[in-house]
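Student: how would this look folded up:
(one chain, ligands or ions: 1)
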Amino acid sequence: MPLFNVNDNYQNPTAEGYYGDYGGAYIPEMLYSNVETLKTQYLQIMYDPIFQAEFQYLLKDYVGRPTPLFLAERLSKEIGATIYLKREDLCHTGAHKINNTVGQIILAQRLGKKKIIAETGAGQHGVATATVCALKGMECVIYMGEKDIERQAPNVARMKMLGATVIPAKSGSKTLKDATNEAIRAWINEPNETHYIIGSVVGPHPYPDMVARFQSVISEEIRKQLKEKTGSELPTHVVACVGGGSNAAGAFYHFLNEPTVQIVAVEAAGHGVHSGLSAATTQLGSPGILHGSKSIVMQTSDGQVVEPHSISAGLDYPGIGPLHAFLYESKRGIFLSATDEEALESAFHLSKIEGIIPALETAHAFSVLPKMNLKASDVVVVCLSGRGDKDLATYMEHL
Ligand SMILES: *Cc1c(COP(=O)(O)O)cnc(C)c1O
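Tutor: Numbers count the residues shown, from 1 in each chain. Have a look, this model is predicted:
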C-alpha cells in the first residue's frame with residue numbers, strides 16, 4: 001500500500017537542520033552567534049520539565065487546548081467519506097499560530113531577551129505574537145506588508161490594541177515576503193537583546209524544527225481524539241493548507257512515520273497555477289535559498305524571487321518550509337492546489353453546510369476534498385487552521 005518509504009528524517013532534521021537536501025542556516029555573520037545559541041539550546045530548553053509545565057499550562061488555560069476534533073456530518077455525507085475537522089479556529093486569537101508563539105515567548109524569556117520582533121502576513125501571527133508579549137510584558141514590534149495592512153485591517157487594530165508597534169513593509173509586493181525581509185533586517189541591527197519569533201516552519205535552522213515541534217500538539221491531540229472516536233489513532237488522510245507550512249507540519253507531525261496515513265498539502269494557486277498570479281510553490285519553484293534556509297522557492301532562472309499571489313494573505317508566500325520541500329520531493333506528501341475562486345467557494349460552502357466560517361487560508365484545504373476520490377471507508381482529518389472573521393471584508397465583496 002505505501003507508495004513511499006517512511007523516514008526518521010521527517011521528524012528529526014540533521015544537526016545542521018537538513019531534511020534531505022533542504023534546510024540549513026544561511027544567515028549573515030551578524031546573526032551567527034544568536035542563531036548558534038538558539039541551535040545549541042532549543043531542544044534542551046523546550047524539553048526541560050519546568051518549561052514543559054509552563055507550556056502545557058498556557059496551552060490549556062490560555063490557548064484553550066485541547067481543541068475539539070469535530071465530525072462534520074453533512075460534509076461527510078456530501079463527500080462520501082468520514083471527515084473530521086481539527087478545530088484550531090477555536091484557539092485563543094482564532095488560529096493555530098498561538099501554539100508556536102506561546103512556546104517561543106517562554107523560550108525568549110529563558111534566553112534573557114527583552115524585545116520581540118515578528119513578521120506577519122494575514123496578521124494572525126502578528127496578533128498571536130502581540131498577545132503573548134502582552135501576557136509576558138515584553139516589547140513587541142511587528143513587520144507587515146503595506147498591502148496586507150490594508151486587506152487585514154481588523155488584525156492591525158488588534159495588534160495595536162495589544163500594545164504592539166506595527167511597521168509597514170513598503171518594498172516588493174508589500175506582502176509577507178517583504179515583511180520577513182524587513183524583520184530580518186531589524187534583527188541584524190540588534191540581535192542580542194531581541195528574539196525573532198518566526199511564525200512558520202521557515203527561516204534558518206533551528207526555526208523550522210522548533211516551530212514544527214511546538215505545533216505538533218495538533219497531531220498529538222488528533223491521535224488521542226481519533227482513538228476515542230473511532231477506536232484507531234490513524235486516519236487514512238490528513239489534509240492541511242500550506243503557506244510556510246506550520247499548521248500542516250503540526251497536523252502531519254505524529255503521522256509522518258505512519259506509512260498508511262496519506263499526507264495531503266494544499267497550496268494556493270491564485271488565479272491558476274500557470275496564470276502568473278499564483279503561490280503554488282512546489283508546482284512552480286526550484287531549489288533555492290530564501291529567508292535563511294534552502295528549500296523550494298518561486299524564482300526566475302537567475303535566482304530573483306518571483307512575486308507570489310493569493311487571495312489569502314497567509315498563503316501569499318513564494319516559498320515553503322524545508323520539511324515540506326522534502327515531503328514533496330520524497331513523495332511522502334501529495335501536494336495539491338486550490339485557486340482563489342475555489343477557496344472562496346469552499347469558504348461559503350463550509351459556512352452554510354457546517355456553520356463554521358473558516359479563514360480564507362483554511363478554505364483552500366477544503367477545496368480539494370471533492371477531487372481526492374475518497375472512499376466510504378476513508379477517515380479524513382482536515383486541519384481547520386483558523387476562523388474567518390479577519391477575512392470578512394473579502395467575503396463581503398463576494399456575498
Ligand atoms: C498563517 C495562517 C496559515 C498559513 O501559515 P502556515 O504556516 O502554512 O500554517 C494558514 N491558516 C491560517 C488560519 C493562518 O492564520
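Student: List, one by one, the residues from the chain near the ligand.
Tutor: 95, 97, 122, 124-125, 200, 241-248, 314-315, 359, 361-362, 385-386 (C-beta under 6 Å from any ligand atom). Using the backbone N, CA and C atoms, a C-beta is placed for each residue, glycine as well.
Student: switch the cut-off to 8 Å
Tutor: 88-89, 94-97, 121-122, 124-125, 199-202, 211, 215, 240-250, 312, 314-315, 317, 321, 358-359, 361-362, 385-387, 390 (C-beta under 8 Å from any ligand atom).
Student: among the residues you listed, which are in helices?
Tutor: Those of those mapping onto helices are 97, 124, 125, 211, 215, 246, 247, 248, 249, 250, 361, 362, per DSSP state H.
Student: out of the residues you listed, what pair is the most spread apart?
Tutor: Using C-beta to C-beta, these reach their maximum pairwise distance at 211 and 362, which is 18.3 Å.
Student: the more surrounded of these two?
Tutor: residue 362 (34 against 30; other C-beta atoms under 10 Å).
Student: How about that one, nearest residue that isn't a chain neighbour?
Tutor: residue 385 (4.6 Å; C-beta to C-beta, 6 or more residues apart in numbering).
Student: Residue 375 now?
Tutor: Residue 375 sits nearest to residue 81 (C-beta to C-beta, 6+ apart), 6.5 Å away.
Student: Contact partners for the residue most central in space within the chain?
Tutor: When C-alpha atoms, centre = their mean is applied to the chain, the residue found nearest the centroid is residue 246 (2.7 Å). Residues in contact with residue 246 (C-beta atoms under 8 Å, 6 or more residues apart in numbering) are 96, 97, 100, 199, 200, 201, 211, 212, 215, 321.
Student: And residue 264, by the same measure?
Tutor: So residue 264 contacts 237, 238, 239, 240, 333, 334, 336, 368, 372 (C-beta under 8 Å, 6+ apart).
Student: just to revisit the earlier point, list only buried entries from the ones in helices among the residues of the chain next to the ligand.
Tutor: Among those, those classed as buried by 16 or more other C-beta atoms under 10 Å are 97, 124, 125, 211, 215, 246, 247, 248, 249, 250, 361, 362.
Student: now those in JSON lines, with pLDDT and distance to residue 146?
Tutor: Shown next, in JSON lines, are those (pLDDT from 0 to 100; distance: C-beta to C-beta, whole Å):
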{"residue": "97", "pLDDT": "98", "distance to residue 146": "21"}
{"residue": "124", "pLDDT": "93", "distance to residue 146": "18"}
{"residue": "125", "pLDDT": "96", "distance to residue 146": "17"}
{"residue": "211", "pLDDT": "98", "distance to residue 146": "26"}
{"residue": "215", "pLDDT": "98", "distance to residue 146": "28"}
{"residue": "246", "pLDDT": "98", "distance to residue 146": "24"}
{"residue": "247", "pLDDT": "98", "distance to residue 146": "25"}
{"residue": "248", "pLDDT": "98", "distance to residue 146": "27"}
{"residue": "249", "pLDDT": "98", "distance to residue 146": "29"}
{"residue": "250", "pLDDT": "98", "distance to residue 146": "29"}
{"residue": "361", "pLDDT": "97", "distance to residue 146": "20"}
{"residue": "362", "pLDDT": "98", "distance to residue 146": "25"}
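Student: Kindly indicate which of the residues you listed lies nearest residue 145.
Tutor: residue 125 (12.5 Å).
Student: thought the closest one was touching residue 96?
Tutor: No - with contact defined as C-beta atoms under 8 Å, residue 125 does not reach residue 96; the gap is 10.0 Å.
Student: Can you tell me which residue of the protein sits closest to the ligand?
Tutor: residue 386 (2.4 Å; C-beta to the nearest ligand atom).
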